[in-house]
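Novice: return a 3D structure for these sequence lines:
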Amino acid sequence: MIYIVAILIPPLALLIEGKIFQAIINAIFWILGIVFVILGGFILWAITIIHAVMVVHGARSDARTQKIVDAINENKDS
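Specialist: Numbers count the residues shown, from 1 in each chain. Got it, this is the predicted structure:
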């Protein structure tokens, strides 16, 4: 579901993932891409989508890795 949000509204997906500064920068480029769509702004729009999808994927991957590390540390302490 978050990937659909990342495609439709990239800055919102970054905000949901807690990446505030990246969301602000992404929003600036996303809005510029929409405003200047006639002058090739679709490239900016596409870049914001790719950026959002990569950041969301990275955040999800980091969360999975942290769960594994926590589980390993729990087993070591036992």
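Novice: distance check, Ala6 against His51.
Specialist: According to C-beta to C-beta, to the nearest Å, Ala6 and His51 sit 9 Å apart. (Each C-beta comes from the backbone N, C-alpha and C, glycine too.)
Novice: neighbour count: these two, which is higher?
Specialist: For Ala6 versus His51, the count of surrounding residues by other C-beta atoms under 10 Å is larger for Ala6: 26 against 18.
Novice: contact partners of the helix or strand where the more buried one lies?
Specialist: Under the criterion of DSSP states H and E, Ala6 resides in helix 2-8. Residues outside helix 2-8 that contact it (C-beta atoms under 8 Å, 6 or more residues apart in numbering) are 12-14, 16-17, 49, 52-53, 56, 60.
Novice: which stretches of the protein aren't confidently modelled?
Specialist: Across the chain, the ranges flagged by pLDDT under 70 are 78.
Novice: 80 - rerun?
Specialist: Applying pLDDT under 80 to the chain picks out residues 37-41, 77-78.
Novice: who does the longest helix along the chain touch, helix- and strand-wise?
Specialist: Using DSSP state H to define each element, the chain has its longest helix at helix 42-77. Counting contacts by 3 or more C-beta pairs under 8 Å, 6 or more residues apart in numbering; DSSP states H and E, helix 42-77 is packed against helix 2-8, helix 10-16, helix 20-35.
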